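J.: Whatever this is, show me its structure:
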Amino acid sequence: MLEYQGLKITWLGHDSFKIKDGKTVIIDPFKIRLSSEKADILLITHEHFDHLSADDIKKVANDKTIAVAPPACKNELSKLKLGGVEYVHPGDKVTLEGISIEAVPAYNLNKFREPGKVFHPKEDGKVGYIVGMKGVRVYHSGDTDAIPEMKGFKADLALLPVSGTYVMTFEEAAQAVKMIGPKAAIPMHYGVIVGSESDAEKFKQIAPCPVHILRPE
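T.: Prediction:
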C-alpha cells in the first residue's frame, strides 16, 4: 500500500487497485481476495475477462456501489445487484460522491492479435480513468499503449502497465510518463497473465519520475 498525499492506494494484483480517502474506489477487480470492505465507486475500464469479472465484482460491491464503465460492459453489469451504473465514452466526465472521474482513451497502436487487428482497437471505446480525490489526480490507464492523447492528461500519479504483449512495454510506459508528467508512477499488468516483477523493476530504472513497486494485497 502506498500513502500518497493522504490517499491510500492498494494494488490488488494485475490491473486492480483500491484508492481510499473516506470513500473507496475500486478499479478492475480480478482474482482478488474476498473483502468485507465494499466499494463506493467501482470503475471498469473495458469488457475483457481480466477487467470485468463478475465473480470479483461480487467480492467488493453491493447494492450501494455505483459503477462506471463503457457501454460494452452493459450486458454483464446488468446482471449484478449494484446501486447504479454510469456508462461513459472517452472524453466523458462524471462526479460521484464528490469524486471526479474522467474517462480517457485506451487503445493499442502496435499490439496485434493478427495482422491489421490490434487487441484493443481505438474505435471500441475502451477507457482509462483520471480520478480526482481530495485534490489528487490518479490516472489508471486501463489496457493501452503510449498514445498521443496522453500529452493532454494531467495527473499526479500514474498507474501504468509494463508487461507488453497486450499493453505497453516497460520502455513504452517510460515514454508515457514523459508525455503525462506525473509526480510518481506505479507499474501494473504483470504477474498474472503476462509479465513479471522484472518488467516493473526495469520500468523503475528508466522512468523519469519516482516509481513505487507495490506488492499485491
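
J.: Can you dump the C-alpha atoms of stretch 204-217 in CSV for me?
T.: Taking Å, rounded to 0.1, in the frame of the first residue of the first chain, the C-alpha atoms of stretch 204-217 are listed here in CSV:
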residue,chain,number,x,y,z
LYS,A,204,11.6,1.8,-12.4
GLN,A,205,15.2,2.1,-13.7
ILE,A,206,14.3,4.2,-16.7
ALA,A,207,11.2,6.1,-15.8
PRO,A,208,11.7,9.9,-15.5
CYS,A,209,9.8,10.1,-12.2
PRO,A,210,9.8,8.2,-8.9
VAL,A,211,8.3,4.7,-9.3
HIS,A,212,6.7,2.7,-6.4
ILE,A,213,6.5,-1.1,-7.0
LEU,A,214,3.7,-2.4,-4.8
ARG,A,215,3.0,-5.9,-3.6
PRO,A,216,-0.5,-7.3,-4.2
GLU,A,217,-2.7,-7.3,-1.2
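
J.: Of all the residues in that stretch, which ones are buried?
T.: The neighbour-count check on stretch 204-217 (16 or more other CB atoms under 10 Å) flags Lys204, Ala207, Val211, Leu214 as buried. Where C-beta positions appear, they are placed from N, C-alpha and C, glycine not excepted.

J.: most centrally placed residue in this structure?
T.: In the chain, the residue lying closest to the centroid (CA atoms, centre = their mean) is His140, at 3.6 Å.

J.: Can you get me a residue count around the residue lying closest to it once chain neighbours are set aside?
T.: Leaving aside its sequence neighbours, His140 sits nearest to Leu159 (CB to CB, 6 or more residues apart in numbering; 4.6 Å). For Leu159, the neighbour count with other CB atoms under 10 Å is 26.

J.: Next SSE downstream of the helix or strand encompassing Leu159?
T.: Per DSSP states H and E, Leu159 falls inside strand 157-161. Per DSSP H and E, the first helix or strand lying C-terminal to strand 157-161 is helix 170-180.
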